[in-house]
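Participant: Output the structure for:
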Amino acid sequence: LLARVLSDGERQRVLCALSLENGAVLDDFAVVVDDRNATSMAASLAKYVRSRSLRRVLVGTTKLCVLPYLAPDFVLFAESGVVALNPYPKQQRSIAIRITPEVEGFVGGKG
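Facilitator: Residues are numbered from 1 along each chain as shown. This next block holds a predicted model:
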């Protein structure tokens, strides 16, 4: 039923949300979406993990664009085996997202 109702991206977001718990492993969670949706998913994922104080959540991805939004403790680069620790303290890792409307005719827009 899911396959007939939801797009690939929507299905991926649902499966990602359903699997979130302590010790979760998300392998290439954003593979079927574009970079814009991947960063949105990563920001939501990080916010959810922090708000629920989840531990040992392992996220695999092929999209480097999601790293600032995930704000991980460390990154393991599979090709080289290099482990890079996040240099920022945990309280400074969340990314600030600002929306500046630029739509004609809307409040805050150009006209």
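
Participant: ranges for the helices of this protein?
Facilitator: Listed in chain order, the helices found in the chain under DSSP state H are 2-5, 8-18, 35-51, 67-70.

Participant: angle of the second one against helix 35-51?
Facilitator: Using axes from the mean of the first three to the mean of the last three CA atoms, to 10 degrees, the direction of helix 8-18 lies 10 degrees away from that of helix 35-51.

Participant: Now do the contacts for P89.
Facilitator: Residues counted as contacts of P89 (CB atoms under 8 Å, 6 or more residues apart in numbering): none. To be clear about C-beta, it is placed using only N, CA and C from the backbone, and glycine gets the same treatment.

Participant: quick revisit: CSV for the helices of the chain, including mean pLDDT?
Facilitator: What follows is those, written out as CSV (pLDDT from 0 to 100):
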stretch, mean pLDDT
helix 2-5, 59
helix 8-18, 76
helix 35-51, 88
helix 67-70, 86
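
Participant: Nearest approach to V82 belongs to which of those helices?
Facilitator: helix 67-70 (13.9 Å; CB to CB).

Participant: Give the buried residues for that closest one.
Facilitator: Buried residues in helix 67-70, counted by 16 or more other CB atoms under 10 Å: L67, Y69, L70.

Participant: With stretch 16-24 instead?
Facilitator: When burial is assessed from 16+ other CB under 10 Å, stretch 16-24 yields the following buried residues: C16, A24.

Participant: Kindly export it (C-alpha atoms) in CSV.
Facilitator: C-alpha atoms of stretch 16-24 as CSV (Å, rounded to 0.1, in the frame of the first residue of the first chain):
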residue,chain,number,x,y,z
CYS,A,16,13.5,7.0,8.3
ALA,A,17,11.1,8.3,10.9
LEU,A,18,9.8,4.9,11.9
SER,A,19,13.3,3.5,12.5
LEU,A,20,14.4,6.3,14.9
GLU,A,21,15.3,4.9,18.4
ASN,A,22,18.3,4.4,20.5
GLY,A,23,20.9,2.3,18.6
ALA,A,24,19.2,3.1,15.2
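
Participant: centre of the chain versus it, how much separation?
Facilitator: When distances are taken as CA atoms, centre = their mean, to the nearest Å, stretch 16-24 is centred 13 Å away from the chain's centroid.

Participant: now that we're looking at the residue nearest the centre of the chain, which residues does it contact?
Facilitator: For the chain, the residue nearest the mean C-alpha position is A42 (0.6 Å; CA atoms, centre = their mean). Remark: with contacts taken as CB under 8 Å, 6+ apart, A42 is in contact with A30, V66, L67, Y69, L70.
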